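In: need coordinates for the following:
(2 chains)
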Amino acid sequence: MTPVSAPFGRRTLLAAAAAVGVFGRGATPAQAAQATVRWLHLEVNPAILKIWTDAAAEFQASHPDTEVKLQFLENEAFKAKLPTLLQSPDAPSMFYSWGGGVMRAQIETGMLRPFGDQMDKAWQARLNPAALDAFRYQDKIWGAPHQMALMNIFFNKKLMQKGGVDGSQIRNWDDLLAAVKALKAAGVTPIAIGGGDKWPIMHWWAYLVVRAGGRQALADAKAGKNGGFTGPAFIQAGQLLKQLTDLKPFQDGWLGHTFPQMLGVFGDQRAAMLLSFAGTPARQARAAADGKGVAIEDTGLISFPLVQGGKGLPTDTMGGINAWLLSRNAPPQTAEFLNLLTSVKYQKATAATGIYMPSVPEANSAITDPLLKLAAEELARSTYHQNYFDQDLGPDVGRQLNDKTTELAAGRITPEALAKNIQEAWDLSH
Amino acid sequence: MSVALGRRRAWTAAPVLLLFLPPALLLFTALVVVPIGEAGWYSFYDWSGYGVPTNFVGWRNFFLISRYPAFHTALINNLIIIAVSLCIQLPMALGLATLVASRIRGALVFRLIFFLPYILADVAAGLIWSFMFDGDYGITGAIARALGFPAPFVLADPNWALVAVLVVIVWKYFGFHMMLFIAGLQGIDAPLLDAAAIDGANRWQRFRRVILPLLRPTIRLSVFFSVIGSLQLFDLIMPLTKGGPADSTQTIVTFLYTFGITRMRVGFGSAVGVVLFLICVVFAFSYKRLTFRDDE
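Out: Okay, here's the model as predicted:
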């Protein structure tokens, strides 16, 4: 402590107290707030953050007794810290979720609160039913879905032309393999991938499972039917992925690249295709060295190719659904705020950014990005929407899946060994 | 010291002990002893980190650890890192220290330059080197292309990633050990060396017969820091490779993080922590017994 003479010390203390009082009252009217909605998120895109702070400001204006506080954590840090945070007095009131196994673990240990009556009929009716279903568990609704994603293959029309391939004509897996061969022959890297983050590879395998086994494949595997994760659809997916990776279709150094680097490779026009989320055209532009990336008119989009003899329908889709979950001690205002945040107004604003697909179908009309529009239409037609495998299976088996599919792509394990390994990981945690 | 004097000392020390011991003891208990005990307790449960651990699984977590190929890689990698620290980094630090310890012109500048990597934050150093090793934009790629080879992606190659990591480790930490040795060298009496020179000892003999024996305490300390530092290596690996590709650069701590924390298996992660703790304790005590015994 700094030694100060008593009178001086007291005087400065008083002055400081007065200053705090004055500023406290003058600068933030929310200081008198009775409730604080702590909002833990992972968003880094300024366009989205702008929409959120606008929503928070609107809510605070109509609820002078409530303060909405945005708190950011980086993706990996978020996953690592959330269990501790949720059990502390500083638990966030609402936080980001991918649903699936992690959410179920949170529910089963009493960390969350269902929406109950606070989510009225009107609110439920405006949300996409598949999105709402993803957050229904034990007959209760635990999340307010705010965005949806769909995995598609995007391609660079100019690079495809160089290899003499018409991207829009790729319908099945053999078409894709043929395209890869043609591109390689023309000296074009066929596919950008982020092997360092692993999940970008896992999605190729997972979509193959969905195409080969249809909507029953994963449900059966979880229930231990048809040989579980060593069933025919899973083995076939591994074999087909191996056919692709045997052609060495990825950019140099792919095993060390992260997802942002993968977007950069595509954006810098160094690879012709990538499997990624709707909203990728907007994101690859920011990841590109020139800040522009592949022009939207040069970007094409196709659904994931079908596989021979597969049980999946062409209209089956895969992608994530994200929602805001309520922690158990969240102030009641949190749900009211979420009602506003997932209103048509703010969902339209989100849709207009071209980054995320809204969870409110009515907001689709605000989508201007032509590729996002295509994706939104595909999602609207979807016969079955599969959540990301690594989220659906929970953090433990999910990460194991990411590891092992990457090893398969690197030629270090066989499709059979992959399937067996996942089954073991599943047995271990269930 | 006489017994009476000792007792009187203890009495006069009592108020001081009562005043100063509790805060330290409390902090040590709360921040060191309790977490270690808790980790030991969690390691016998299958626990996601939510709620209270209830699913007791006995020794299963430890059994599982022993079955993970990635853990075996991590153990071997830790041993390789220790070996490189001792066989390459330590002689290099000692050699450089003998060069820059003397008070000649410019020695201070070199000391600063060699010490700089150590000051840099681990994560920052890792990031910088990950850019340097990049095959597209990095310096290694540029050199390879200039020589007419295809650009290597060392951090993406399971056979080479560990070598790249080792280069960074040596680069990052040799400066610290060099400083230890400089301090040790400066503690050696100059007349001793002069006497040896007068007796006809050449440069090598003076180093081998006079300097090295007198540096023994410093070398012991340096080895100790090397081994414990190697066992705890984490911050440098994450920005470089995250333990990949294909787990080829895992260390025990990155294994703990990747397979315990990010997979929400706090029980399993705690078990890895307990294993690491035991390795450290066994090393620390046996090292102390082995090397400090002949000093007394």
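
In: can you identify the element that follows the helix or strand of chain B with the lowest mean pLDDT toward the C-terminus?
Out: Lowest by mean pLDDT, DSSP states H and E among the helices and strands of chain B is helix B:3-28, with a mean of 77. Downstream of helix B:3-28, the first helix or strand assigned by DSSP states H and E is helix B:34-42.

In: residues contacting A:G110?
Out: A:328, B:51 (Cβ atoms under 8 Å, 6 or more residues apart in numbering or on different chains). C-beta here means a position set from N, CA and C on the backbone, and glycine is covered the same way.

In: now do it against A:V102, distance only.
Out: For A:G110, the distance to A:V102 (Cβ to Cβ, to the nearest Å) stands at 15 Å.

In: quick check, central residue of chain A?
Out: A:G320 (5.3 Å; Cα atoms, centre = their mean).

In: what's the neighbour count on the nearest residue to that one once chain neighbours are set aside?
Out: Nearest non-adjacent residue to A:G320, counting by Cβ to Cβ, 6 or more residues apart in numbering or on different chains: A:A149, 4.5 Å away. By other Cβ atoms under 10 Å in any protein chain shown, the residues close to A:A149 number 22.

In: so A:A149 sits against A:M357, correct?
Out: Yes: the criterion here is Cβ atoms under 8 Å, and A:A149 meets it with A:M357 at 6.6 Å.

In: surely A:G110 is within a helix?
Out: No: secondary structure of A:G110 (DSSP: H, G, I helix; E, B strand; the rest coil): coil, not part of a helix.

In: near chain B, which residues of chain A?
Out: A:76, A:79-80, A:83-84, A:86-87, A:102, A:105-106, A:108-111, A:195-196, A:198, A:252-257, A:394-396, A:399-400, A:403, A:406-407, A:410, A:412, A:428-429 (Cβ under 8 Å from any Cβ of the partner chain).

In: show me the residues you listed that map onto strands.
Out: Residues of the residues of chain A next to chain B located in strands (DSSP state E): none.

In: quick one, phi psi at A:L326?
Out: phi -100, psi 130 (degrees, to the nearest 10).

In: same question, the one 4 residues further on
Out: A:A330 adopts backbone torsions of phi -60, psi 140, taken as degrees, to the nearest 10.

In: so who does the residue nearest to A:G320 touch?
Out: Per Cβ under 8 Å, 6+ apart, neighbours of A:A149: A:277-279, A:319-322, A:356-357.

In: now it. Its backbone dihedrals?
Out: According to degrees, to the nearest 10, A:A149 has phi -130, psi 150.

In: go on, the one 5 residues further on?
Out: Backbone dihedrals for A:F154, given as degrees, to the nearest 10, come out at phi -100, psi 150.

In: that one reaches A:G279, doesn't it?
Out: No: with contact defined as Cβ under 8 Å, A:F154 does not count as touching A:G279 (10.4 Å).

In: run through the residues of the stretch 51-200 of chain B sitting next to chain A.
Out: Within the stretch 51-200 of chain B, the positions lying close to chain A (Cβ under 8 Å from any Cβ) are B:51, B:64, B:134-136, B:150-151, B:153, B:155-158, B:161.

In: and these, which of them are buried?
Out: Neighbour counting with 16 or more other Cβ atoms under 10 Å in any protein chain shown marks B:51, B:64, B:134-136, B:151, B:153, B:155-158, B:161 as buried within these.

In: hang on, B:N159 in a strand?
Out: No: assessed with three-state DSSP, B:N159 is coil; it does not lie in a strand.

In: any idea how far it is from A:P332?
Out: Here the criterion is Cβ to Cβ. By it, B:N159 lies 58 Å from A:P332.

In: more neighbours, these two?
Out: A:P332 (13 against 9).

In: for the nearest residue to that one once chain neighbours are set aside, what are phi and psi?
Out: Nearest non-adjacent residue to A:P332, counting by Cβ to Cβ, 6+ apart: A:Q118, 7.2 Å away. Main-chain dihedrals, A:Q118, degrees, to the nearest 10: phi -60, psi -20.

In: which residues touch residue 98?
Out: Because you didn't say which chain, this covers chain A. If a contact means Cβ under 8 Å, 6+ apart, then A:W98 has A:320-322, A:387-388, A:391 as its contacts.

In: that's the wrong chain, I wanted chain B
Out: B:181, B:185, B:207, B:211.

In: if you set the cut-off to 7 Å instead, what comes out?
Out: B:T98 makes contacts with B:L185, as judged by Cβ atoms under 7 Å, 6 or more residues apart in numbering or on different chains.

In: one more: B:G267?
Out: B:42-43, B:45-47, B:53, B:61.

In: want to throw those into TSV with neighbour count?
Out: Compiled in TSV, the contacts of B:G267 are given as follows (neighbours: other Cβ atoms under 10 Å in any protein chain shown):
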residue	neighbour count
B:Y42	21
B:S43	24
B:Y45	21
B:D46	19
B:W47	26
B:P53	20
B:N61	24
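
In: quick check: which helices or strands does the host helix or strand of A:L379 pack against?
Out: According to DSSP H and E, A:L379 maps onto helix A:370-381. Applying 3 or more Cβ pairs under 7 Å, 6 or more residues apart in numbering or on different chains; DSSP states H and E, we find helix A:370-381 packed against strand A:299-302, strand A:357-358.

In: spell out the residue ranges of the strands in chain A.
Out: Residue ranges of the strands in chain A, as given by DSSP E, are A:35-41, A:66-72, A:94-97, A:136-137, A:140-141, A:143-148, A:151-156, A:273-277, A:299-302, A:316-318, A:321-326, A:357-358, A:384-386.

In: how about JSON lines for those strands, with mean pLDDT and mean neighbour count added?
Out: As requested, the strands of chain A are exported to JSON lines (pLDDT from 0 to 100; neighbours: other Cβ atoms under 10 Å in any protein chain shown):
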{"stretch": "strand A:35-41", "mean pLDDT": "95", "mean neighbour count": "20"}
{"stretch": "strand A:66-72", "mean pLDDT": "94", "mean neighbour count": "17"}
{"stretch": "strand A:94-97", "mean pLDDT": "96", "mean neighbour count": "23"}
{"stretch": "strand A:136-137", "mean pLDDT": "92", "mean neighbour count": "15"}
{"stretch": "strand A:140-141", "mean pLDDT": "96", "mean neighbour count": "17"}
{"stretch": "strand A:143-148", "mean pLDDT": "94", "mean neighbour count": "25"}
{"stretch": "strand A:151-156", "mean pLDDT": "96", "mean neighbour count": "24"}
{"stretch": "strand A:273-277", "mean pLDDT": "95", "mean neighbour count": "23"}
{"stretch": "strand A:299-302", "mean pLDDT": "94", "mean neighbour count": "20"}
{"stretch": "strand A:316-318", "mean pLDDT": "93", "mean neighbour count": "23"}
{"stretch": "strand A:321-326", "mean pLDDT": "95", "mean neighbour count": "25"}
{"stretch": "strand A:357-358", "mean pLDDT": "91", "mean neighbour count": "28"}
{"stretch": "strand A:384-386", "mean pLDDT": "89", "mean neighbour count": "20"}
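
In: among those strands, which comes closest to B:T73?
Out: Set against B:T73 and scored by Cβ to Cβ, the strands of chain A come closest in strand A:273-277, at 29.2 Å.
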